[in-house]
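*Asks:* this one's sequence-less:
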Ligand code: C2E
Ligand code: MG
Ligand code: MG
Ligand code: MG
């Protein structure tokens, strides 16, 4: 009896596995066709500095407007893009779109703040990444300080020496570097010491429980302290209410991003105080 039901479970498992594979295969084909078309677009979420309440940057977040399935969030296709290497052309499209938008704002007489772009480790570790990036940024006539590259600690997993070398060269070339989702994953303070960073982004899982969980608050305080001692700006992600923001301001966090201050939108307002 037990053996039979075990076998059934196995079959169910295998068939749902097959469904998932088919679905992914279909999605992969669709994504292949979507890259380098207007199906891929960017939304921008504002970032505000806490001392003067001014807009200090925008994070570019990719969106996929699928012809039949509607808007697909990045969590549902970035992992697939990474598995299939489609993240490389997709990543270049994202960089190109962000640069084009910056150039357009400048042309319209706006004074845009820095735009942050999420970069997959796979793309950043390409040997010609910096060369290609410079080509695009120069073609749009942009200052490199207008681009912030958001990386995560997974960048350091495979070949930390090469990753450090790329980061150093990027910073030397004038790009800003931010460490995304800090505190989750595989943080090592020892590695942080060698990373040439302009900014650390506190993951929103810590911000969520401000006022509810003293342990999360303690972690936030230690990240802010770390930023101060290493002379790296600290931004908190996922700020959804005023009490979270007050806590962060009171404890010296430099800047914030979250639904309280603005959701990601296609046409962000460029000059706005909180
Ligand atoms: P992330 O870089 O940590 O981006 C922040 C995510 O949190 C965004 O989700 C944003 O919409 C969401 N968020 C912002 N404020 C709040 C808030 O107050 N509350 C809540 N609950 N969520 C908030 P999104 O746009 O779905 O992006 C998810 C992840 O997908 C990003 O996390 C990033 O890891 C990845 N991603 C997005 N765009 C790109 C891209 O162009 N390239 C690559 N490689 N990855 C990307
Ligand atoms: Mg990010
Ligand atoms: Mg993040
Ligand atoms: Mg994230």
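*Replies:* Everything's here; your move. Everything numeric in this text was worked out from a predicted model, so none of it was measured. Ligands and ions are numbered 1, 2, ... in the order given.

*Asks:* How many residues are close by residue 57?
*Replies:* Residue 57 has 23 neighbouring residues, counting by other Cβ atoms under 10 Å. Just so you know, the C-beta spots here come from the backbone N, C-alpha and C atoms, and that holds for glycine as well.

*Asks:* Where does the closest residue to residue 94 other than its chain neighbours fall, secondary structure wise?
*Replies:* Counting by Cβ to Cβ, 6 or more residues apart in numbering, the nearest residue to residue 94 once its immediate chain neighbours are dropped is residue 62, at 5.4 Å. If you go by DSSP states H and E, residue 62 is part of strand 55-66.

*Asks:* Kindly report the same for residue 123.
*Replies:* helix 121-124.

*Asks:* which residues of the stretch 1-150 of the chain fall in strands?
*Replies:* 40-49, 55-66, 70-72, 114-118, 147-151 (DSSP state E, counting those that start in this stretch).

*Asks:* Export those to JSON lines and append columns for distance to ligand 1 and mean pLDDT.
*Replies:* Below are the strands of the stretch 1-150 of the chain laid out as JSON lines (distance: least, Cβ to the nearest ligand atom, whole Å; pLDDT from 0 to 100):
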{"stretch": "strand 40-49", "distance to ligand 1": "6", "mean pLDDT": "98"}
{"stretch": "strand 55-66", "distance to ligand 1": "3", "mean pLDDT": "97"}
{"stretch": "strand 70-72", "distance to ligand 1": "10", "mean pLDDT": "95"}
{"stretch": "strand 114-118", "distance to ligand 1": "4", "mean pLDDT": "98"}
{"stretch": "strand 147-151", "distance to ligand 1": "6", "mean pLDDT": "98"}
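
*Asks:* Adding distance to residue 183, write those out as TSV.
*Replies:* As requested, the strands of the stretch 1-150 of the chain are exported to TSV (distance: least, Cβ to Cβ, whole Å):
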stretch	distance to residue 183
strand 40-49	18
strand 55-66	18
strand 70-72	27
strand 114-118	17
strand 147-151	15
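
*Asks:* Let me have those in TSV, extended by distance to ligand 2.
*Replies:* Output for the strands of the stretch 1-150 of the chain, formatted as TSV (distance: least, Cβ to the ion, whole Å):
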stretch	distance to ligand 2
strand 40-49	9
strand 55-66	6
strand 70-72	17
strand 114-118	5
strand 147-151	4
